[in-house]
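Asker: I need the structure of the sequence given here:
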Amino acid sequence: DEHLDRFYRSAAMLDIRIPHEKQELRAIILDMVRRVDSGEQFVYLQATRGTQPRDHVYPEDMHANIWIMLRPQTVKDVFHEVRAITAEDTRFFHNNIKTLNLIPSVIAYQRCIEQGCQETVFHRGERVTECAHSNILIIKDGVLCTPPRDNLILPGITLKHLLMLAEKNGIPTSEAPFTMQELADADEIIVSSSGGLCIQAVELDGKPIGGKDPKTLKTLQDAYAEFYAEDTKVR
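Answerer: Residues are numbered from 1 along each chain as shown. Predicted coordinates for the structure are as follows:
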């Protein structure tokens with residue numbers, strides 16, 4: 001439901017008209033999920049503005065085309081680790097909208113794979129923003145910290161859940177900018193996404209990071225593993 005909320009919110013910000021009410025589209029997706037013979041699936045949903053000859057102007061009555069893809073896929077083990085590199089964030093200034101403007105992210109991700117890593121951490125100057133296809137959080141002095149959910153990052157649903165779970169488990173949270181140096185000095189670094197939930201980053205640009213607060217990290221990982229199991233239980 002939260003992913004659909006963001007989908008409709010992003011579409012509205014781009015003046016894209018979804019041809020289904022939210023609950024109708026929800027029912028279509030769930031029907032498709034039930035038709036795939038797999039308990040865990042990757043479900044991908046996107047919309048284009050609609051069908052018309054190439055133009056920079058679109059008619060007011062145009063309705064979006066919806067494309068949905070499903071394939072069997074398991075969520076990554078919440079307790080595995082990733083290595084990352086850093087890259088200047090040269091993407092546009094509307095990263096809070098879920099769009100297909102993915103060329104910078106695709107190139108940055110390709111570069112990290114070429115270097116034997118699994119993620120790229122973006123920054124604008126000294127300010128850390130997010131990763132090529134994940135959000136990034138840090139734990140410092142027992143506090144779970146995330147960059148502000150402004151126009152420079154995508155407000156991840158998993159990020160939202162992590163903040164909620166932290167508060168439920170008595171872990172203080174902070175939503176404020178942090179620098180590259182603060183990232184390097186963090187007690188733990190977390191990469192979060194719908195396919196990875198709460199994964200520990202252990203290397204950045206070839207240097208070891210984190211590993212200083214395993215107790216808080218494990219509390220969050222255990223909490224998310226339990227939350228995910230309950231949230232995805234067949235009803």
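
Asker: all helices of this protein, in order?
Answerer: With helices called from DSSP state H, the chain shows them at 2-13, 22-35, 103-114, 157-168, 180-185, 214-231.

Asker: nearest to residue 50, of the ones you listed?
Answerer: Nearest to residue 50, of all these, is helix 2-13, at 11.5 Å by Cβ to Cβ. Bear in mind the C-beta positions are built from the backbone N, C-alpha and C, glycine included.

Asker: neighbouring contacts of that closest one?
Answerer: For helix 2-13, the external contacting residues (Cβ atoms under 8 Å, 6 or more residues apart in numbering) are 17-18, 22, 25-26, 45, 47, 64, 94, 97-99, 155, 157, 160, 194.

Asker: from residue 178, how far off is residue 212?
Answerer: 16 Å (Cβ to Cβ, to the nearest Å).

Asker: so those two - more neighbours on which side?
Answerer: Neighbours were counted for residue 212 and for residue 178 using other Cβ atoms under 10 Å; residue 178 has more, 21 against 13.

Asker: quick one: that one and residue 129 touch, right?
Answerer: No: between residue 178 and residue 129 there is no contact, the gap being 10.4 Å when judged by Cβ atoms under 8 Å.

Asker: where do the contact lists of the two overlap?
Answerer: Here residue 178 and residue 129 have residue 147 as joint contacts, going by Cβ under 8 Å, 6+ apart.

Asker: most distant residue from the middle of this structure?
Answerer: Distance from the centre of the chain peaks at residue 53, with 33.2 Å (Cα atoms, centre = their mean).

Asker: pick the most deeply packed of the helices of the chain.
Answerer: Ranked by mean neighbour count under mean count of other Cβ atoms under 10 Å, the helices of the chain are led by helix 157-168, which reaches a mean of 18.

Asker: quick check: angle from it to helix 214-231?
Answerer: Put simply, helix 157-168 runs at 120 degrees to helix 214-231, going by axes from the mean of the first three to the mean of the last three Cα atoms, to 10 degrees.

Asker: same for helix 157-168, what does it pack against?
Answerer: When contacts are defined as 3 or more Cβ pairs under 8 Å, 6 or more residues apart in numbering; DSSP states H and E, helix 157-168 sits against helix 2-13, strand 135-140, strand 143-146, strand 173-175, strand 188-192, helix 214-231.

Asker: can you list the strands that the third one pairs with?
Answerer: Based on DSSP bridges, the pairing partners of strand 143-146 within the sheet are strand 135-140 (antiparallel), strand 173-175 (parallel).

Asker: what residues does it touch?
Answerer: Contacts of strand 143-146 with the rest of the structure, by Cβ under 8 Å, 6+ apart, involve 135-139, 159, 162-163, 166, 171-176, 178, 186, 190, 216, 220.

Asker: kindly report the same for the fourth one.
Answerer: Here strand 173-175 makes contact (Cβ under 8 Å, 6+ apart) with 143, 144, 145, 146, 147, 148, 149, 163, 166, 167.

Asker: distance to residue 81 added to those, as CSV?
Answerer: Converted to CSV, the contacts of strand 173-175 look like this (distance: Cβ to Cβ, whole Å):
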residue, distance to residue 81
143, 22
144, 18
145, 20
146, 20
147, 22
148, 26
149, 25
163, 22
166, 20
167, 25
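
Asker: just the buried residues from these, in PyMOL please.
Answerer: Entered in PyMOL, the line below selects the buried ones among the contacts of strand 173-175, by 16 or more other Cβ atoms under 10 Å:
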select buried, resi 144+145+146+147+149+163+166
